[in-house]
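K.L.:
model this:
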Amino acid sequence: MAYLKTVLTYHLPSEAEVDKAFLESHGMAVCLLNGNTSRNELGAPFFIQLQVADEEHARAVALLREVNPGRFGSASVVNELDRAIKRTIGLFVLGAGAAAILGYVAAPAPVRQPDLPYYMATPDLRPLAAFFTGILGGCLAVWLGRKRTSPQSPPAVP
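P.N.:
You can find the predicted model right below:
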């Protein structure tokens, strides 16, 4: 009994069906995991996995890479995306931490009155202020730290 191995993962069912038909035309048995979860072109709620038998995996990858090499991505693009994600997370954490500390310090401390029962005392809102200022500070840090790129001009129409 052969085990199935995932070749590619898709978001649109139409792309998965095209590659499935292509591999089947080359004599391979192909399975689409989660292929029937959504039959619209807005996207599936789960990723669709194109799977072949373990013995045919290398041949399927070679065939699909020959037809459309861009679908498999390149190591440099993956590394660049990884660096961008790590940079964004770092900016968010630094901005959120600094803003949360400032929000906690800037929020007024509750005034305790000894003659009031505990349920009538003013609640301490400093943790809540720190949370929300931290979220806003993190988003602001990411927004300010994004790479500025000039918009590309549209191609000239002949």
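K.L.:
Against which helices or strands is the longest helix anywhere in the chain packed?
P.N.:
Identified as the longest helix of the chain according to DSSP state H is helix 75-106. Other elements packing on helix 75-106 under the criterion 3 or more C-beta pairs under 8 Å, 6 or more residues apart in numbering; DSSP states H and E are helix 126-145. In this view, the C-beta of every residue, glycine as well, is placed from N, C-alpha and C.
K.L.:
who does the helix it packs on touch, helix- and strand-wise?
P.N.:
The contact analysis (3+ C-beta pairs under 8 Å, 6+ apart) places helix 126-145 against helix 75-106.
K.L.:
Helix 126-145 and the helix it packs on, what's the angle between them?
P.N.:
Computed by axes from the mean of the first three to the mean of the last three C-alpha atoms, to 10 degrees, the angle separating helix 75-106 from helix 126-145 equals 140 degrees.
K.L.:
Can you list the buried residues in helix 75-106?
P.N.:
Of the residues in helix 75-106, L91, F92, G95, A96, A99, A100, G103, Y104 count as buried by neighbour count, 16 or more other C-beta atoms under 10 Å.
K.L.:
low-scoring pLDDT stretches of the chain, where are they?
P.N.:
1, 38-44, 147-158 (pLDDT under 70).
K.L.:
90 instead, please
P.N.:
Across the chain, residues meeting the criterion (pLDDT under 90) sit at 1-3, 9-16, 33-48, 65-82, 109-124, 145-158.
K.L.:
For the nearest residue to V111 once chain neighbours are set aside, give me its contacts.
P.N.:
Leaving aside its sequence neighbours, V111 sits nearest to T122 (C-beta to C-beta, 6 or more residues apart in numbering; 5.9 Å). Residues counted as contacts of T122 (C-beta atoms under 8 Å, 6 or more residues apart in numbering) are P110, V111, R112.
K.L.:
Specify the local secondary structure of T122.
P.N.:
The three-state label for T122, taken from DSSP: H, G, I helix; E, B strand; the rest coil, comes out as coil.
K.L.:
let's have the chain start at 101 instead
P.N.:
Yep, numbering from 101; the last one is T222 now.
K.L.:
For the residue of the chain most remote from its centre, give me phi and psi.
P.N.:
Distance to the chain centre peaks in the chain at D215, reaching 53.0 Å (criterion: C-alpha atoms, centre = their mean). Dihedral pair for D215: phi -80, psi -10, per degrees, to the nearest 10.
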